[in-house]
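Colleague: any chance you could fold what I've pasted below:
(one chain, ligands or ions: 1)
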Amino acid sequence: MHDGSGRIAVHDLTKRFGPVMAVQNLSFAVEPGSVTGFLGPNGAGKTTTLRMLLGLVTPTAGTATINGRTHDQLGNPARVVGAVLENEGFHPRRAARDHLRVYAAAIGVPDQRVDQVLGLVGLTPAATRRAGEYSLGMRQRLALATALLGDPQVLVLDEPANGLDPEGIAWLRTFLRSYASEGRTVLVSSHLLAEVEQTIDQVVIINRGQTMYQGRVDHLRDAQQARVVVRPADAAALAMALREDGVSDIQSTPDGGLVLTGATPRRVGDVALRAGVAIYGLHEEAADLERMFFQLTSSPPAPGWAPPPAPGQPQPPPGWGPPPGYQQHPGVTGQQGWGGQG
Ligand SMILES: Nc1ncnc2c1ncn2[C@@H]1O[C@H](COP(=O)(O)OP(=O)(O)OP(=O)(O)O)[C@@H](O)[C@H]1O
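Modeller: This next block holds a predicted model:
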């Protein structure tokens, strides 16, 4: 028997396709009652990880479990986990309701559940239309309806916003949040933070098959510092003067500027004046979650921004730190909130 917790646990998960290391020692946990974003750039290993969780790909090493069980140990998995993966195929000549009836029969749920899920995803008016006539957004809703047939405790969606218009995205956001508020588990993958930022409360960020960050999105936001961008006549002289004044996080940019955190523009201006360095531009850039996501997932890091990690000492990009209260999930080891660059 599974433990009924609705918890997803990925532990030291690795998948190698010949020479390609798609996922490498990945560990994270997803708790019920939250919508968790599973984020990373194209090719980071998100789909491979989800497919291992769903029993569609065999791991090279490690485990991916739901309720403490691998997918093939779940008994009637459709009752535990519903999934929408990319490129769902529907028989184009089959009506949506008939498609759902076939699946309902396969997993042993009554026909009336078909009409319930059609209502849940807003497809009741189109129930008798053929799937081949559906728009991409309608097909996404039909895929979601299929995933919901077993009334699962856990919902796993791979890039669900693909093909949805803004209204569809807003609808999906409301739906997923309400689903999680019932104490269920929702895991949503995306390569765009902005696409899911308003939907998720937890996030797992991966890059090159490894965990870069796991924790609350608002902690990530709180941990950010604004940075000051300055264009001096002599960057080396200003950097030295700033260091003498106690500013340590200073990066030079390819265009001869400096980017720093831990000082206000006014302080930078005062230091420049005392050092006799002319300033041609000085402004503060507000913290930006998207920029942080880019820094965490760009490899190599954007030039002039992230210093190389000290040997054996993974570091976050400059200006970012582990969010206050960041904690590793109990039971998940071999994982850091902030990792090296793959
Ligand atoms: N069946 C396969 N055979 C060989 N290589 C594969 C296979 N599936 C995935 N890969 C490779 O594994 C890596 C991770 O791919 P994956 O699809 O898991 O990434 P992703 O994060 O989901 O990317 P995207 O956002 O583009 O969907 C990529 O380099 C990909 O080419």
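Colleague: got the residues of the protein near the ligand?
Modeller: 17, 20, 22, 40, 42-48, 191 (Cβ under 6 Å from any ligand atom). No exception for glycine: its C-beta is placed from N, CA and C like everyone else's.
Colleague: just these: which are in strands?
Modeller: In strands, defined here by DSSP state E, the members of the residues of the chain next to the ligand are 17, 20, 22.
Colleague: by neighbour count, which of these wins?
Modeller: Highest neighbour count within these, by other Cβ atoms under 10 Å: Ala22, with 22 neighbours.
Colleague: how near is that residue to Ile66?
Modeller: Going from Ala22 to Ile66 by Cβ to Cβ, to the nearest Å gives 20 Å.
Colleague: got it, and Arg243?
Modeller: In terms of Cβ to Cβ, Arg243 sits 51 Å off from Ile66.
Colleague: over to Val10?
Modeller: 10 Å.
Colleague: neighbour count: these two, which is higher?
Modeller: Using other Cβ under 10 Å as the criterion, Val10 and Ile66 rank with Ile66 on top: 29 against 24.
Colleague: got any ranges where the stretch 51-200 of the chain has weak pLDDT?
Modeller: Within the stretch 51-200 of the chain, the stretches with pLDDT under 70 are 87-88.
Colleague: what about the residue of the stretch 101-250 of the chain found nearest the ligand, how many residues nearby?
Modeller: Nearest residue of the stretch 101-250 of the chain to the ligand: His191, at 4.3 Å (Cβ to the nearest ligand atom). Neighbourhood size, His191 [other Cβ under 10 Å]: 17.
Colleague: again, but for the one 5 residues further on
Modeller: For Val196, the neighbour count with other Cβ under 10 Å is 27.
Colleague: which residues touch it?
Modeller: Val196 makes contact with 37, 39, 161, 188, 190, according to Cβ atoms under 8 Å, 6 or more residues apart in numbering.
Colleague: which SSE is the residue lying closest to the third one once chain neighbours are set aside in?
Modeller: The shortest distance from Ala161 to any residue other than its chain neighbours is 4.8 Å, reached at Glu195 (Cβ to Cβ, 6 or more residues apart in numbering). When secondary structure is defined by DSSP states H and E, Glu195 falls within helix 193-196.
Colleague: tell me where the stretch 201-342 of the chain has strands.
Modeller: For the stretch 201-342 of the chain, applying DSSP state E, counting those that start in this stretch gives strands covering 202-207, 210-216, 227-232, 250-252, 258-260, 279-285.
Colleague: pick the most buried one from the ones you listed.
Modeller: Sort the strands of the stretch 201-342 of the chain by mean neighbour count, taking mean count of other Cβ atoms under 10 Å, and strand 202-207 sits at the top with a mean of 25.
Colleague: just how off-centre is it within its chain?
Modeller: Put simply, strand 202-207 sits 4 Å off its chain's centre (Cα atoms, centre = their mean, to the nearest Å).
Colleague: tell me the strands beside that strand, with direction?
Modeller: Neighbouring strands of strand 202-207 in its sheet, by DSSP bridges, are strand 34-39 (parallel), strand 210-216 (antiparallel).
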